[in-house]
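Sequence first, predicted model second:
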Amino acid sequence: MATLYTGAVEIGQGSDTILCQMAAEAMGYPLEKIRIVAGDTDLATHDFGAYASRQTLMSGWAVKKAGEEVKNKILQTAAEMMLVVPEQLDVKQGIVFLKAHPEESLTFEQVARTYFVKYGQLIGQGSYKPPKLGGTFKGAAVGTSPAYSAATQVAEVEIDEETGEIKVLEAWDVHDCGMVINPALLHGQVHGAFYMGMGESIWEEVLFDEKGDVANGNLAEYRMPTALDMPPVTSELVDSIDPNAPWGVKEVGEGATTPTMACLANAIYDAMGVRIESLPLTYEKVWRALKEKREKEKA
């Protein structure tokens, strides 16, 4: 078994799974034999946090470097055991083998045991700090990431002319997020991001009273979409490899929320010829815009 210690925090985005996959790939070790200790400040190093959709790229760099250090130690030790040079060896799925003669091999465990006897614990360490990005503003460096995703969306909506009610019938999202590490998690992120963006676009609004207190701080008056409001979402990908990221990966968490508001506003305009210029795009705003449009047409 191998244990990955990381400060990265799993908040539902799937980072524990992704980072274990990355560790397995970097080490040449089976994924099912890796466990993770994450977000424990007593055991793991500092992590800047799961924000800006940066976990896969930032923590991924650190995991990749740590895994490759373990791999190099394994190959060096195996070379001593097999009387060859490390360059002649490779390790995949927990098997260390001669590239020219793959049948000549040792298990990862055999080599790790020998390493422990000779040198002690088999440990790899990795860290990542973004390079200087985006110049400076008032003397301070700006920019948080060396790589950014891109997404575009199309939506089909149905408008009730009598009430202004908006129904999202279907949506399509095409995302450029670099190399895909886990397709199931990726498409799940896109669906979740569209759901969040749809809620922000049409229903969700924090209201304040005259004292400045939140007036709708409960789920009865703060309107959110339910599963019944969620349309079918088709998620597609643009193939790309980003040279500034580990294995060419980029984010997908928040990128699929960014175009949603404009996408739905444009869909409403395309359907009814009225432009709503403030959020949320409520039924009442649509109804009032349609009413104003009819009055202008009669005048």
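That came through, no problem.

residues in contact with stretch 152-162?
In this structure, residues lying in contact with stretch 152-162 by Cβ atoms under 8 Å, 6 or more residues apart in numbering are 165-174, 194, 231, 256, 259-260, 263-264, 267-268, 271-272, 286, 290. Just so you know, the C-beta spots here come from the backbone N, C-alpha and C atoms, and that holds for glycine as well.

switch the cut-off to 6 Å
For stretch 152-162, the external contacting residues (Cβ atoms under 6 Å, 6 or more residues apart in numbering) are 166-174, 259, 263-264, 267, 271-272.

which SS class is the closest residue to P146 other than its chain neighbours?
Spatial nearest neighbour of P146, excluding adjacent residues (Cβ to Cβ, 6 or more residues apart in numbering): N244 at 3.9 Å. Taken by DSSP: H, G, I helix; E, B strand; the rest coil, the conformation at N244 corresponds to coil.

what about N244, neighbour count?
Counted by other Cβ atoms under 10 Å, the residues lying close to N244 total 16.

Repeat that for the one 5 residues further on.
The tally of other residues near V249 (other Cβ under 10 Å) stands at 23.

Next, the contact list for it, please.
Applying Cβ under 6 Å, 6+ apart, one finds that V249 lies in contact with T56, G178, M179, I181.

ok, back up a step: thought the residue nearest to P146 was touching S145?
No. Look at N244 against S145 with Cβ atoms under 6 Å: they stay out of range, at 8.6 Å.

What ranges does the stretch 51-200 of the chain have for its helices?
With DSSP state H, counting those that start in this stretch as the criterion, the stretch 51-200 of the chain has helices at 55-82, 108-119, 183-202.

for these, which one sits closest to A2?
Nearest to A2, of all the helices of the stretch 51-200 of the chain, is helix 55-82, at 7.7 Å by Cβ to Cβ.

And that closest one, what's buried?
Of the residues in helix 55-82, those buried by neighbour count under the rule 16 or more other Cβ atoms under 10 Å are 55-71, 73-75, 77-79, 82.

again with stretch 36-55
Along stretch 36-55, the positions that meet the burial threshold by neighbour count (16+ other Cβ under 10 Å) are I36, A38, G39, A44, D47, F48, A50, S53, R54, Q55.

Give me the mean pLDDT for it.
Mean per-residue pLDDT for stretch 36-55: 81.

end-to-end on it?
15 Å (Cα to Cα, to the nearest Å).

Restricting to C-alpha, output stretch 220-229 in PDB.
Output of stretch 220-229 as PDB, limited to C-alpha atoms (Å, rounded to 0.1, in the frame of the first residue of the first chain):
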ATOM      1  CA  ALA A 220     -38.800  28.900   1.600                       C
ATOM      2  CA  GLU A 221     -38.100  32.400   0.300                       C
ATOM      3  CA  TYR A 222     -34.700  31.900  -1.200                       C
ATOM      4  CA  ARG A 223     -35.600  30.200  -4.500                       C
ATOM      5  CA  MET A 224     -33.400  27.500  -5.900                       C
ATOM      6  CA  PRO A 225     -33.900  25.100  -8.800                       C
ATOM      7  CA  THR A 226     -34.900  21.500  -8.000                       C
ATOM      8  CA  ALA A 227     -34.300  18.300  -9.900                       C
ATOM      9  CA  LEU A 228     -37.600  19.000 -11.700                       C
ATOM     10  CA  ASP A 229     -36.200  22.200 -13.100                       C
END
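
Touching it from outside, list them.
M198, G199, W203, N216.

what comes up buried for it?
The neighbour-count check on stretch 220-229 (16+ other Cβ under 10 Å) flags P225 as buried.

starting at the chain centroid, how far to it?
Between the mean C-alpha location of stretch 220-229 and the chain-wide mean there is a distance of 25 Å, by Cα atoms, centre = their mean, to the nearest Å.

same thing with stretch 265-279?
From the chain centre to the centre of stretch 265-279 is a distance of 30 Å (Cα atoms, centre = their mean).

Send me that stretch as PDB with only the CA atoms.
As requested, C-alpha coordinates have been extracted for stretch 265-279 and formatted as PDB (Å, rounded to 0.1, in the frame of the first residue of the first chain):
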ATOM      1  CA  ALA A 265     -30.200  35.800 -21.200                       C
ATOM      2  CA  ASN A 266     -29.500  35.400 -24.900                       C
ATOM      3  CA  ALA A 267     -31.900  32.400 -25.200                       C
ATOM      4  CA  ILE A 268     -34.700  34.600 -23.700                       C
ATOM      5  CA  TYR A 269     -33.900  37.400 -26.100                       C
ATOM      6  CA  ASP A 270     -33.800  35.000 -29.000                       C
ATOM      7  CA  ALA A 271     -37.200  33.500 -28.000                       C
ATOM      8  CA  MET A 272     -39.100  36.700 -27.100                       C
ATOM      9  CA  GLY A 273     -37.100  39.600 -28.500                       C
ATOM     10  CA  VAL A 274     -36.700  41.200 -25.000                       C
ATOM     11  CA  ARG A 275     -33.400  41.900 -23.300                       C
ATOM     12  CA  ILE A 276     -33.200  41.500 -19.500                       C
ATOM     13  CA  GLU A 277     -30.200  43.400 -18.300                       C
ATOM     14  CA  SER A 278     -30.100  42.600 -14.600                       C
ATOM     15  CA  LEU A 279     -29.900  39.400 -12.600                       C
END
